[in-house]
Structures are given as C-alpha cells and as structure tokens.
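J.: Could you work out the structure for the sequence below:
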Amino acid sequence: MTNSDPRAGDAVDKQKLEEFLQTESGGRAATGPAAIILFIVPLLWSLFQLWIASPLPYIFNIGVFNSTEARSIHLAFAIFLAFAAFPMFKGKHANHVPIYDWLLALAAAFAASYIFIFYRDLAQRPGAPTTADMVVAMVGLVLLLEATRRALGLALTIVAAVFIFYSLAGPYMPDVISHGGVSLSKLASHQWLGTEGVFGVALGVSTSFVFLFVLFGAMLEKAGAGSYFIKIAYAMLGHMRGGPAKAAVVSSGLSGVVSGSSIANVVTTGTFTIPLMKRVGFPATKAGAVEVAASVNGQLTPPIMGAAAFLMVEYVGIPYLEVVKAAILPALISYIALLYMVHLEACKLNMKGIERKVKPTMAQRLFSWVTIILGFSILTLVVYYGVGWLKGALGESAPWILTVLLGVIYLALVAYSCKFPDLDEDGPDADINELPPLAETFKAGLYYLLPVVVLVWCLTVERFSPQLSAFWSTVFMMFILVTQKPLKAFFRKSGNVGELLRGGVVELGDALVTGARNMVGIGVATATAGIVVGTVTLTGIGLVMTQFVEYISGGNLLLILIFTAIISLILGMGLPTTANYIVVSTLMAPVIVTLGAENGFLVPLIAVHMFVFYFGILADDTPPVGLAAYAAAAISGADPIRTGVQGFIYDIRTAILPFMFIFNNQLLLLGLTGWFDLLVTVFSAITAMLVFAAATQGYWFTRTRWWEVVLLLLVTFTLFRPGFWWDQVYPAMDQRPATEIFQRIDEVPAGEPIYLRASGTAISGEEVTKVISLNLPKAESPEQRLAQAGLELSRQGDVMAVDFVNFGSVAEKAGISYGWTIDELEIPNDRPPKELMFIPAFLLLGLLAFGQLRRKAREEAIAEPA
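T.: Numbering: from 1, shown residues only. Here you go, the predicted model:
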C-alpha cells in the first residue's frame, strides 16, 4: 500500500507518456509551414479514404479506383507522413522537418504511387520490369524499411530485411531452409510491382477496412465518448470494494470500442484509473498492471477490435460479422475474470470503494439495474422489428425516411442530455473524490451510443461490408461532432450557436487529421509485413516451416500451439500487433491446420487465426518490452518491468483461452445446436474462468492451499474441455471401412460433413495421413453428391482410390489430391452429452467452497478477540 500522492510527478509522467504515444499520435508536432503541410496531407488522406468507401464515385462515375490503385495511394500517404512526421533520430528535429526529410518523403510517396501512375503500362508487361521499374522498386523497398524504422522501431524492419535476404540467398542457406533463390528482377517485380508482396492483402485491408474504423474511433474520442465511457464505468462500479480498479476494467473494455489500441487505451483511461486505484490502496505496480491487462484486452472487444481482426476477413475468407461472433464470448469471459481477479485482490488488501454523492438503497439499485436492462431489451426489440416493418412498408423510400428518423432521435437525445451537466466539464485530469450518480451520467451522453448502434446495425442486420458499415457510422459521427455543441447551446439558450458551429467544423478537421496520423504506423506496418507474405509465396518457405515445426514438435498439436504462442510473444515485443499477426499467421496457421488434420484433429481456420491474434495482443504487456506496461508505469510511477510481469500474471487468464478454444470450438460459438447449448457453453466458460482466476490469485473465500489450487485447476480444465474426459470413456469416432462411403453419404443430410481418413503424397514428397471434413451438396445419388463436391472415387481393395479432384472444388479445398486413397470413414458415435462431466466438476467445486467457508469462519473467530 502506498501513502504517496498519486498525482506527484505529473510533469515527468506526461513527458514519458509522449514517448510511448509517438506512434499513436502520428509523430512530431511541427511548427510553421511544416505544421500546415502536416495538417493538410492527413486531412486529404482521410477525405480520400471516405471518398473511396462511399457510393459517390459509382453514382457520379468520377474518381473510381480499383483495389490496387487505392492501395498505392494509401501507402503513398502513409509513407510520406512517416518521413515527414517522424524524425530520423529520436529527440532531434522534434519541432521542424529538415529538407532531407521532405526529399525522402516525396521520393517514397512517388515510389509508392508508381503502380497508380503507371498502372496501364505495368499491366502490359507483367513479370518483365524495365530498368526504371527496377530502380523504383528497389528504392521503394529501402525507403519503406526506413519509414518502418522511424514509425515503429527496428524490430519489424529487421524481420522484413531478413526475409528479403533469405529470398536472394536461398541457395546458400542451410539445407533445411534452402531454396533455388530469386533474381533481383524477380524480387523487385514480386514485392513491389504486383499484389503478392507490399501491395498485397494486408495493405488492402488497411486501405479498405482499418482506416475507417480508426477514423471512427478518433472521432468518437474527439466528441467526448471516451470520457463518457470512463465516467459510466465509475458511476457503475466505483462504490464497490476496489471499485476504481473494477471501473478501470470496464472503462478499458468500453474504450476498446473506441480506440482498438492497447497503448492509447492505457493513457486514455489510465490517467483516471491508476491514481484512483492507488488512492484506495492498490500498490503502484498492481494499479498499473490492472490497467495494462484491461487495456490490452480492449483489442479483443467487438465490434471495433484490433486492426489485425480485419485481416482475418481476407485471410480466413469469412465475413467480418463471423469474426465478431467468434470473438464475443472469449472477450466477455476474459473481462469478467479480470473483474473477479480485481475483486480478489481487493479482498486480500481489505479495500473500500469511493463514496457516492447520494447513496441509493438496495431496492433503488436493483430497480435501476432492472429498468436499464428491461429498457434496453424492449428498445432493441422495438428498433429491430419496427425498422424491419418500416423497410417493408416504405419500400425504396425507406433509407431516406429512416435517416430522417435517426436524425430526430439524435436531436431528442441531445435535447434530453441538456437537462444534465456536461460530462467533460471537469476534464480528464480532474480529481474525483465522489462518484457521480449513475442515472444522470448515463443519460447525459446517450447520443454517443447512436453511431455505435448504426455500426452494429449495418454489420449485423443490413449485412453491409465492414467498409460500408464504417463509412455510414463515420458520416453520422461527423454530423454529431459538428452539431452537438451548437445544438446544446440552442436547447439551453446559451452561447453563440454560430461560433460553436464553426468550432465543431474545426474539431471535425482535427479529428480527420488525428485519425489519419494514427494510421501512419498501421499503414507502413501492413506494407512491410507484406514483404514477409511475399517471401512465403516467392520461396515456398511455408512448406519448409511445416516440415520444420513437425520435426521439432514430433507432430504433437499442443507443442505446436505452445511453439506458435512463444513465437507470437517474442515477435510481439518489437512488432505492432497487426504486423505480428500477419507474420505468424502466414507462417504458422497452415502448419497448425495441416498437422492437426494429420493427427486426426480438425482445427477450424478461424480458431487458429484467433489463437495467433490473441497472443499477438498479449505481447503488448509481455516483459521486458511490453509498451503498454511502460505507458502504465509512466503514470503510476512504478517499475515498468515489474508492472509488465504483474500485468502478464493477470493476463494468464487470457493466455489459456486460445488453447481452450482450439480444443473446444464452442467457445467461439462454433458447432452449437441451439439456445440451450449456447447458454450451457456461456455459463460453463464463465464459471471456468472465475475458478481459474481464484486458482491463480491464491485466494477464493480465503487464501487457498496448494492442493486446493490443483483441484481448482482440474475443475477449470473440466469445465473448459469436458470432451477430454468423455473421450476416455466414450470414443468420439467409430472407424468404418472406406468401401462403405456411399452408404454413409446416404445417411448424412446435405450441409452436414462426412469425415474421411485419407492418405497420399504431399507436395513436399512425404507420405501423409490426415482426417478430412467434407461437406457434400444435395443430389439424387451418393455418386452425384461426390461429383458435385469435385471428387471421383473407385474401389481399390479395402480402400477407395481418388481418380479425379476438380480444381477449386469442395474436395480440393478440403485437402484431397489426385492419387490419394480414402482409407477409413470416421463416424461420430451416438453417446451421452459430454456436458455430464460438469456434474462431478461442480460437486468438487462445492466441496472446495464448503471447506473454504468453514476455514474462513474459523479464521474470523480466532481473529475476533484480538
């Protein structure tokens, strides 16, 4: 416990925070003409991104860019700002841009826009670059690496340089990773002049999806939504035991909706939460660590997750809504567990909460919660079915009328908010000694929720693309940013409406610039990570990685997952989350899927990519380099290494989740059979995580003994993966001869998979055996169903030989090749539900609780006379 003033040393803290926020805020703050350029260029970048995301180019047939041209312009803006906004050496030229940086910025922008400027010429000579093409490509690669070093540090620069060197020096590499090598001409053409390398999928996602979501978050923050979410969290939880720490968890989760960045989350919410946690008794290290753990998890919170989540859309080939669906339950249980960890810490330290101005009775609190929950539920149903009815009744005029209706609702909510004090009157650095009333705080900023509602509506109900959904929600956010203060002045009959309107336009311009400058690091990171992806496709190192990982792991899936997690954490010490995800998923995701299938375990691709995504994010608080921990330590005054270690201890609950959802896909809401199955999955997962929190904290009702920790971990494992024990009693699959495949197809309805154990020669030349899931379409006969799946079989003794596989068919995508054989059928056994294992788990948990409560009563009885 610390008795020092939590606000001591604020000047030093702010100076340290500026170092950690350089990437987040877009680099140096120049003055003079340079400041004007560094305002105009990002402003133009934001306007360009809004233009290509809107339907206007197609309506007026002006300014239509294909994806390659848009990527080229996107990178040109990003790389120009990387040189103009970030100095060559830290601490030098912080307020002005030297002439050589302007020259480098212009040269880099020209190299990046080369594909756009000479698009038709390059299309006419694919794979045959001219001398000018070669020079531009090589200069572009060098300047991109330098821009990455400036904006993000050396780590990603070195990784990309190593992969370029590997491409050129393939014949001189050790035998296990050697390849034929590529010429300088081939390297330049592949990496810079096409869409396989720098201008590949990663930069495409940055161009189409990520920019708009970052811009949307910047506008929400500028409008005051970040402060609103923080104060809502305080009003809800600040009065509880260890309340400021619990408020930190909730506010960081809500701020994750706005920022999608660990470091930005720490410094936004941490300026409130860390001093208050210290005031109620949290040691500085633990106060910083709680904020770090909560902020890192902010990138896991839908609908606006870390930028890497948008890459899954392209890499996995699923809609963004499916990514959000898969992320919801893990994010929920992770935050609930952190709240519980904080509660246990508060119990151990015997902490108190912060006094409320007005103390409501238990009945009043219960009534408030029930009213809010019922109100939201009724409102959701009314909006969903009401809008659905209006769309059907109004026909083509529905979008216009619904837009007007949305505007009316916004005006009504702004008018209603005028009955309460503005949330930002105190400012983010204000000293909060008493908690604001929940009802007033909640009502004062209800209109901030409308843009998020629009975003979720467009994604989930209208099923718009992420790009179009972000566009409409951003346009609405622009309207709010300009009008909220003038409207409040109008309704309150106070202030100069015209002057406030001009101020709103200025704030909009600042938000557009801030959003663009926040994208500089992501833009160059996705481009540089594209070098790694390009090297994989150019050299075939992906197959080499499969063999290498299989060799060192012995084909054990758990060891492969541990190996992948370690790689993610190590790379994440220096790489931003987005680049880390691209590198590790490109190299390791196919390996996990392939080797899992060869060991008879089918791993969905989304589960593997979520696994990599989680560990890439956890690297933000992994000592000794976790930047989020350094940012939190700058606020708390604690040692950053100790803060990182403590934060990682809190985040162990998040670290076990990826392993659990690899082996239990229901945690990603995959394979559920109905509402009851969903409720059981949610309840068991949350309970398991709470039990795990108690085990790792060494405290439940009272301090736990070592054998209780072991039993709590056993209960956790059983609740997370009941199928492990059930498989020992009732095997999941029964093996049948492959010659019965046509009878089996007759038994399986269309849309449900059949499982085959197949073997054959892989591309690497090795003999492999793996289990394959094959979805067969509906047809009149089993043979026709197989043919429609692109597969022709013939009997060959006790097995079925693969005579033909149609390219691009379901069978080919499932991993079946010509010349392979189907050796066995895997038939799911009809067995009792695995959830029956919950019964002994809960009985054991009940016994442990009974024992702890008895021990706690004895300890209190002994302590009472003293």
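J.: Where does the residue nearest to Pro451 when sequence neighbours are not counted fall, secondary structure wise?
T.: Nearest in space to Pro451, with sequence neighbours left out and distances taken as CB to CB, 6 or more residues apart in numbering, is Met477 at 4.5 Å. Bear in mind the C-beta positions are built from the backbone N, C-alpha and C, glycine included. According to DSSP states H and E, Met477 maps onto helix 466-492.
J.: Go through that helix and flag the buried ones.
T.: By 16 or more other CB atoms under 10 Å, the buried positions in helix 466-492 come out as 466-474, 476-490.
J.: pLDDT on the next helix or strand after it, on average?
T.: On the C-terminal side of helix 466-492, the closest following helix or strand by DSSP H and E is helix 497-518. In this model, helix 497-518 has an average pLDDT of 90.
J.: for helix 497-518, which positions count as buried?
T.: Going by neighbour count (16+ other CB under 10 Å), the buried part of helix 497-518 is 500-501, 504, 507-508, 510-518.
J.: And for stretch 712-730?
T.: By neighbour count on 16+ other CB under 10 Å, the buried set for stretch 712-730 is Leu712, Val715, Thr716, Phe717, Thr718, Leu719, Phe720, Arg721, Pro722, Gly723, Trp725, Trp726.
J.: so which of those residues comes closest to Val214?
T.: Closest approach between these and Val214, by CB to CB: Phe720, at 33.9 Å.
J.: Return the residues in contact with that closest one.
T.: If you count contacts by CB atoms under 8 Å, 6 or more residues apart in numbering, Phe720 has them with Ile656, Met660, Asn664, Leu667, Ser684, Ala685, Ala688.
J.: could I get those residues as CSV with pLDDT and secondary structure?
T.: Shown next, in CSV, are the contacts of Phe720 (pLDDT from 0 to 100; DSSP: H, G, I helix; E, B strand; the rest coil):
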residue, pLDDT, secondary structure
Ile656, 82, helix
Met660, 81, helix
Asn664, 80, coil
Leu667, 82, helix
Ser684, 86, helix
Ala685, 84, helix
Ala688, 87, helix
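J.: which pair in those residues spans the largest distance?
T.: Maximum distance among these (CB to CB): 14.6 Å, for Ile656 and Ser684.
J.: Which one of those two is surrounded by more residues?
T.: More crowded of Ile656 and Ser684, by other CB atoms under 10 Å: Ser684, with 23 against 19.
J.: Need the pLDDT of the nearest residue to that one once chain neighbours are set aside.
T.: Spatially, and ignoring its direct neighbours in sequence, Ser684 is nearest to Leu719 (4.8 Å; CB to CB, 6+ apart). Note for Leu719: predicted pLDDT of 86.
J.: Name the SS class of Leu719, please.
T.: Under DSSP: H, G, I helix; E, B strand; the rest coil, Leu719 falls in the helix class.
J.: got it, and His179?
T.: coil.
J.: mind listing what the residue nearest to it when sequence neighbours are not counted touches?
T.: Ranked by CB to CB, 6+ apart and with sequence neighbours excluded, the top spatial neighbour of His179 is Gly170, at 3.8 Å. Listed by CB under 8 Å, 6+ apart, the contact set of Gly170 reads Ser178, His179, Gly180, Gly181, Val182, Thr539.
J.: at 6 Å what do you get?
T.: Ser178, His179, Gly180, Gly181 (CB atoms under 6 Å, 6 or more residues apart in numbering).
J.: I'd like those as JSON lines, with neighbour count and distance to Tyr447 appended.
T.: JSON lines is the format used below for the contacts of Gly170 (neighbours: other CB atoms under 10 Å; distance: CB to CB, whole Å):
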{"residue": "Ser178", "neighbour count": "15", "distance to Tyr447": "61"}
{"residue": "His179", "neighbour count": "17", "distance to Tyr447": "58"}
{"residue": "Gly180", "neighbour count": "8", "distance to Tyr447": "61"}
{"residue": "Gly181", "neighbour count": "16", "distance to Tyr447": "60"}
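J.: Going by distance to Leu405, which of those residues wins?
T.: Closest to Leu405, out of all of the contacts of Gly170 and judged by CB to CB, is His179, at 60.7 Å.
J.: That closest one and Ile36: what is the separation?
T.: Applying CB to CB, to the nearest Å, the value for His179 to Ile36 is 49 Å.
J.: Which strands or helices does the helix or strand hosting Tyr100 pack on?
T.: Following DSSP H and E, one finds Tyr100 within helix 99-112. Secondary-structure packing of helix 99-112 (3 or more CB pairs under 6 Å, 6 or more residues apart in numbering; DSSP states H and E): helix 67-85, helix 131-152.
J.: which residue packs closest to Lys443, ignoring adjacent ones?
T.: Leaving aside its chain neighbours, Lys443 sits nearest to Phe420 (5.8 Å; criterion: CB to CB, 6+ apart).
J.: which residues touch the one you found?
T.: Neighbours of Phe420 in contact, by CB under 6 Å, 6+ apart: Glu440, Lys443, Ala444.
J.: chain center to the host helix or strand of Pro590: distance?
T.: Assigned by DSSP H and E, Pro590 falls within helix 577-598. Relative to its chain's centre, helix 577-598 lies at 16 Å (CA atoms, centre = their mean, to the nearest Å).
J.: can you check stretch 191-200 too?
T.: Mean-position distance between stretch 191-200 and its chain equals 25 Å (CA atoms, centre = their mean).
J.: residues making contact with that stretch?
T.: In contact with stretch 191-200 (CB under 6 Å, 6+ apart) are residues 68, 71, 122, 129, 133, 137, 140, 190, 527, 530-531, 533-534, 537.
J.: hmm, back to that, output the contacts of Phe720 in a markdown table, with distance to Asn580 appended to each entry.
T.: As requested, the contacts of Phe720 are exported to a markdown table (distance: CB to CB, whole Å):
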| residue | distance to Asn580 |
| --- | --- |
| Ile656 | 20 |
| Met660 | 21 |
| Asn664 | 25 |
| Leu667 | 22 |
| Ser684 | 31 |
| Ala685 | 26 |
| Ala688 | 28 |
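J.: If we only consider the residues you listed, which is nearest to Gly596?
T.: Proximity of the contacts of Phe720 to Gly596 was ranked by CB to CB; the top entry is Asn664 with 14.0 Å.
J.: Just give the number of residues close to the closest one.
T.: Asn664 has 22 nearby residues by other CB under 10 Å.
J.: Check which residues of the helix or strand containing Glu812 are buried.
T.: Element membership of Glu812, judged by DSSP H and E, is helix 810-814. For helix 810-814, the neighbour count (16+ other CB under 10 Å) marks Val810, Ala811, Glu812, Ala814 as buried.
J.: Tell me the bridge partners for the closest residue to the second one other than its chain neighbours.
T.: With CB to CB, 6+ apart as the criterion, Ala811 has its nearest non-adjacent residue at 4.0 Å, and that residue is Leu791. Using DSSP bridges, the beta-bridge partners of Leu791 come out as Val805.
J.: what's around Gly388, how many residues?
T.: 11.
J.: gap between it and Glu462?
T.: Per CB to CB, Gly388 is found 11 Å from Glu462.
J.: Just the CA atoms of stretch 834-841, as CSV, please.
T.: Taking Å, rounded to 0.1, in the frame of the first residue of the first chain, the C-alpha atoms of stretch 834-841 are listed here in CSV:
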residue,chain,number,x,y,z
LYS,A,834,-20.1,-34.6,-22.7
GLU,A,835,-21.6,-31.9,-20.5
LEU,A,836,-22.4,-34.6,-18.0
MET,A,837,-18.8,-34.2,-16.8
PHE,A,838,-19.9,-30.8,-15.4
ILE,A,839,-21.7,-32.7,-12.6
PRO,A,840,-18.6,-34.1,-10.8
ALA,A,841,-16.8,-30.8,-11.6
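J.: May I see the buried residues of it?
T.: Those buried within stretch 834-841 under the rule 16+ other CB under 10 Å are Lys834, Met837, Phe838, Ala841.
J.: Count the neighbours of Asp798 for me.
T.: 11.
J.: What of the one 4 residues further on?
T.: Other residues near Val802 number 21, with proximity taken as other CB under 10 Å.
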